[in-house]
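Undergrad: Sequence and predicted model, in that order:
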Amino acid sequence: MDQSVVIQETLAEGEYCLQAVQGMLCEGDSRQSRLLGLVRYRLEHGGQEHALFLYTHRRMAITGDDVSLDQIVPVSRDFTLEEVSPDGEIYILGSDVTVQLDTAELSLVFQLPFGSQTRMFLHEVARACPGLDSATRDPEFLWLSRHRCAKPEPELELPTPLGCNSAPGTWPGCATIGGGRYPSRKERWGLEEDWLQGAGSILFWGGAMEKAGFRLVERARGAGSARGGRRDEELEEADGEMSAAVGSRERKSAGDSNFDGLRPNGKGLPMDQNSSDQDKPESLQPRQNKSKSQINDMVRSSTITVSDKAHILSMQKFGLRDTIVKSHLLQKEEDYTYIQNFRFFVGTYNVNGQSPKECLRPWLSEGIEAPDIYCVGFQELDLSKEAFFFHDTPKEEEWFKAVSEGLHPDAKYAKVKLIRLVGIMLLLYVKQEHAAYISEVEAETGNKGGVAIRFQFHNTSICVVNSHLAAHTEENARRNQDYKDICSRMQFYQLDPSLPPLTITSTSDVILWLGDLNYRIENMDVEKVKKLIEEKDFQTLYEYDQVQMATWWTLHFSEKCRAPAWCDRILWKGKNITQLSYQSHMALKTSDHKPVHSLFDIGVRVINDELYRKTLEKIVRSLDKMENANIPSVSLSKREFCFQNVKYMQLQVESFTIHNGQVPCHFEFINKPDEESYCKQWLNANPSRGFLLPDSHIEIELELFVNKSTATKLNSGEDKIEDILVLHLDRGKDYFLPVSGNYLPSCFGSPIHTLCYMREPILDLPLETISKLTLMPIQTEGNRSQLERPLEIPKELWIMVDYLYRNAVQQEDLFQQPGLRSEFEHIRDYLDTGMTDNLSASNHSVAEALLLFLESLPEPVICYSAYHNCLECSGNYTASKQVISTLPTFHNNVFKYLMAFLQELLKNSAKNHLDENIL
């Protein structure tokens, strides 16, 4: 979430939070969570000043009440924020960003989560720095005086809470401005500053870097440095990981050859040597490359990789010629790369909420050669309520430490990434010698019980997924749906924010899927299953396996009173993959599950530098002869698109093909005059932009999807399924593509009072009547004589609530498990058409349909105008009743009806396990 909104709630008039990021304050061995906000204040004379506000918080910050202002650091002339490399650590792109904040009075070290949020934060801080121009007026920061706290009387001296690092002269709940809490860097280490040309960390001075051969800072660290510490202390917060991996930083390629600007540096495609630096602010110039032997002292940034076509074609700073070069390099990748096998260890362990009680080496390292890469996943890491509601859990550090100590003793490993969602955690390690070839690390969490890490290893993209799917044999359909949702909803954002995000299955050469998948052997009794296991008749068992998608050497089942279940699995997809072993470890007894591991030899594409240079030279020579002065033109397989009978939340797709002629071209759907987007909100073109080589083609999908934000205007007739797309060719002409269709009105997205005046199903009414009722003002009590006698509540709401009252008041996990999409569509059609048959759907699907119905209301049950009064009266029963009595009649009726239903659910809480907090 955008936590700058949280900070804004705490600021005074005239102060504005530009950017915020959550990080860890590092002081010796201590790690404390802090929320950092860059705040701007506009001065009366027209200038502006900036300060860094640091907040403490005890849980995930959602409102201003969740944070306390701890310290303010003015962004003055002596303010610097530099990215540093922690002692003893190999920096892996995609791991936490360590930055050091220095002023004349203090020095702080923070770990910030890798991703776009941190990148934008550092960029804004660099822009905010006042610079070193003596002609510029010195900042005075008079406006910060309002945040100072007066010192209490001596007799009222307050104790300092443990862990808040309060300094002398500071008081709990008050902000320290400037220094006084932490020593300055010189006081802490007693070191002189060594200014080196081309060292391994970026210094942000607000424009103080030199354009040519910019100055970078590298300092020696002592054993007591706040930036030191063991690897197992470098934990990343899951809250920060939620927003991680939108993109990666760029690195300038080194070398003097004419082609060095297009070299992949052993890992990917190239930066344009002539343009990569000119388009960037001075304070964001890329760092110089270092040799592989200097990796320990280097903070690496990302490279554009050959196999990632979307990234290459999206880089706007490259000209047409550069794009053609990159496209040809993609096509000829096999000419300059070779396949090299690397050993991957993939392990999964459902720990049932337990802490590690035994050494993990029997699972992770005994009896095998040292793997090149470890992918280790856990499920049910923490089963407590605190782990669900708050992002911190001590078990994350416990298991991270246990894994780190259990890695193979014959090799040194670097942690690439740790990501956790409640009880699901995924760890990625790489051998130290391979660290230089890991890039573009992106992590993502889903809301269906899964986490994933996507990264580039040499020239091969790999995605590792850890998931915990629904339990119980009869929940097979829900497991399948969870799997599909994880694949479609888990997204990795690209460098270019205008490009659509990548999914698990898109552009990943190798996919490794591990976890407690809970797929079972069904339709077979226990004794027969055990007999087939003893006989090693796995082919027969496979025919009764719910997933039927894995290859194995040895199967291991958990021994329980029910039929043995093959729940903990490791699956894979891709080319050049050989499974070497697959086994469980029965000796580990921490959990009722047993850890499982599989070893793979995975063929990875590695670049041969000499062959790459020859290939590049050949492409450049051929392009020198290419005639590209013609205007590009394309032919379209279809130019008009009609979407028939569009329904609420039901995707429709129409596709067409763009065939290119003899000239390479960029295409893009562009905005029409005075419009903010190239299409209406219910429409999307995928892809919306791209590049075509001569005689090539691409398929474009037009996706139409009506949701709560667009349904009301379509119901009322204020909007129609009508639009015109403008397909623009760079240096070419525009193509106009009309889109038309019809929308079937739905009770979803209709106002409460409108539905009360519809005694018949909405699809049985004329469109004119639906439009009139939808546009009718919410206060209609005085006009009832002109209308048919209304219902007290919408009949659609009554149907769903009545169904749940009759069938689901004792249903466990009601409103907590999602329904099936197919059943939701049936429920929607049932409500909109007034089907005579009985409603046939699961309790969970009807419950989710009810939530979607309430969510789609253009005016909620508690009207927007009453929100403020409701919040003020929330602690007073009498005042709350008074506020509810002011609601419009139909909204008042619906509120009371829903409250009566919720009371019935609470009466059965012993069986449905619902309580007031959940509801």
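TA: Ah, there it is.
Undergrad: Could you give me the buried positions within stretch 501-513?
TA: Pro501, Leu502, Thr503, Ile504, Thr507, Ser508, Asp509, Val510, Ile511, Leu512, Trp513 (16 or more other C-beta atoms under 10 Å). No exception for glycine: its C-beta is placed from N, CA and C like everyone else's.
Undergrad: wait, which of these is closest to Leu381?
TA: Distance to Leu381 across the buried residues of stretch 501-513 (C-beta to C-beta) is lowest for Trp513, with 18.4 Å.
Undergrad: Tabulate the buried residues of stretch 501-513 (TSV), appending distance to Leu407.
TA: Below are the buried residues of stretch 501-513 laid out as TSV (distance: C-beta to C-beta, whole Å):
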residue	distance to Leu407
Pro501	32
Leu502	30
Thr503	31
Ile504	26
Thr507	30
Ser508	25
Asp509	25
Val510	21
Ile511	23
Leu512	18
Trp513	22
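Undergrad: and the residues you listed, which two are the farthest apart?
TA: Pro501 and Leu512 (20.2 Å).
Undergrad: that older thread, from the buried residues of stretch 501-513, which ones fall inside helices?
TA: Secondary structure from DSSP state H places none of these in helices.
Undergrad: what does the helix of greatest length in the chain contact?
TA: Counting residues, the longest helix in the chain under DSSP H turns out to be helix 889-907. Residues from elsewhere that reach helix 889-907 (C-beta atoms under 8 Å, 6 or more residues apart in numbering): 752-753, 756, 778, 781, 790, 792-794, 797-798, 801, 804-805, 809, 814, 859, 861-863, 884-885, 887, 912, 914-916, 919.
Undergrad: what separates Thr103 from Pro130, distance-wise?
TA: Plainly put, Thr103 is 13 Å away from Pro130 if you go by C-beta to C-beta, to the nearest Å.
Undergrad: and for those two, which residues touch both?
TA: Here Thr103 and Pro130 have Ser76 as joint contacts, going by C-beta under 8 Å, 6+ apart.
Undergrad: In stretch 481-491, which residues are buried?
TA: So for stretch 481-491, counting by 16+ other C-beta under 10 Å, buried means Gln481, Asp482, Tyr483, Asp485, Ile486, Cys487, Met490, Gln491.
Undergrad: Closest one to Asn843 out of those, please.
TA: Gln481 (15.9 Å).
Undergrad: now that closest one, nearest residue through space, not along the chain?
TA: Residue nearest to Gln481 in three dimensions, not counting chain neighbours: Leu820, with 6.2 Å by C-beta to C-beta, 6 or more residues apart in numbering.
Undergrad: got the CA coordinates for stretch 746-757 in PDB?
TA: Below are the C-alpha coordinates for stretch 746-757, written out as PDB (Å, rounded to 0.1, in the frame of the first residue of the first chain):
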ATOM      1  CA  SER A 746     -27.300  -6.500 -13.700                       C
ATOM      2  CA  CYS A 747     -28.400  -6.000 -10.100                       C
ATOM      3  CA  PHE A 748     -24.600  -5.800  -9.500                       C
ATOM      4  CA  GLY A 749     -23.700  -2.200  -9.700                       C
ATOM      5  CA  SER A 750     -27.400  -1.000  -9.200                       C
ATOM      6  CA  PRO A 751     -28.300   1.300  -6.300                       C
ATOM      7  CA  ILE A 752     -30.300   0.000  -3.400                       C
ATOM      8  CA  HIS A 753     -33.300   2.200  -3.900                       C
ATOM      9  CA  THR A 754     -33.400   1.400  -7.600                       C
ATOM     10  CA  LEU A 755     -33.600  -2.400  -6.900                       C
ATOM     11  CA  CYS A 756     -36.300  -1.800  -4.400                       C
ATOM     12  CA  TYR A 757     -38.500  -0.300  -7.100                       C
END
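Undergrad: which residues touch it?
TA: 647-649, 706, 708, 710-712, 714-715, 762, 773-774, 776, 778, 780, 787-788, 790-797, 828, 831-832, 852-853, 856-859, 861, 888, 890-891, 894.
Undergrad: try 6 Å this time
TA: 648, 711-712, 715, 762, 773-774, 778, 780, 787, 790-791, 794, 796, 831-832, 853, 856, 858-859, 890-891, 894 (C-beta atoms under 6 Å, 6 or more residues apart in numbering).
Undergrad: which residue ranges form the strands in the stretch 251-400 of the chain?
TA: 337-350, 373-379 (DSSP state E, counting those that start in this stretch).
Undergrad: Show me how the record splits this structure into domains.
TA: Following the TED database, the chain resolves into domains at 3-131, 340-519+567-607, 520-565, 634-743, 752-779+789-912.
Undergrad: what mean pLDDT would you report for the shortest one?
TA: Translated: domain 520-565. For domain 520-565, mean pLDDT rounds to 59.
Undergrad: what's the answer for the first one, then?
TA: Taken as a whole, domain 3-131 carries a mean pLDDT of 84.
Undergrad: Likewise for the last one?
TA: For domain 752-779+789-912, the per-residue pLDDT values average out at 89.
Undergrad: How about stretch 672-686?
TA: 92.
Undergrad: now it, how far from the chain's geometric center?
TA: Relative to its chain's centre, stretch 672-686 lies at 25 Å (C-alpha atoms, centre = their mean, to the nearest Å).
Undergrad: Residues touching it, excluding its own?
TA: 669-671, 700-704, 706, 710, 723, 725-726.
Undergrad: Which positions in that stretch come out as buried?
TA: Of the residues in stretch 672-686, those buried (16+ other C-beta under 10 Å) are Tyr678, Cys679, Lys680, Trp682, Leu683, Asn684, Ala685.
Undergrad: Just the C-alpha atoms of it, please, in CSV.
TA: C-alpha atoms of stretch 672-686 as CSV (Å, rounded to 0.1, in the frame of the first residue of the first chain):
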residue,chain,number,x,y,z
LYS,A,672,-7.8,10.5,-28.4
PRO,A,673,-7.9,14.3,-28.0
ASP,A,674,-9.0,15.4,-24.5
GLU,A,675,-9.0,11.8,-23.1
GLU,A,676,-6.7,10.4,-20.4
SER,A,677,-6.5,6.9,-21.7
TYR,A,678,-6.4,5.2,-25.1
CYS,A,679,-9.6,3.3,-24.3
LYS,A,680,-12.6,3.3,-21.9
GLN,A,681,-12.2,1.8,-18.4
TRP,A,682,-13.9,-1.5,-19.3
LEU,A,683,-11.6,-2.2,-22.3
ASN,A,684,-8.0,-3.2,-22.5
ALA,A,685,-5.6,-4.0,-25.4
ASN,A,686,-2.9,-6.6,-24.7
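Undergrad: Where do the helices of the stretch 801-919 of the chain begin and end?
TA: 821-833, 843-855, 867-872, 877-885, 889-907, 909-912 (DSSP state H, counting those that start in this stretch).
Undergrad: What residues of the shortest one count as buried?
TA: Across helix 909-912, burial judged by 16+ other C-beta under 10 Å covers Asn912.
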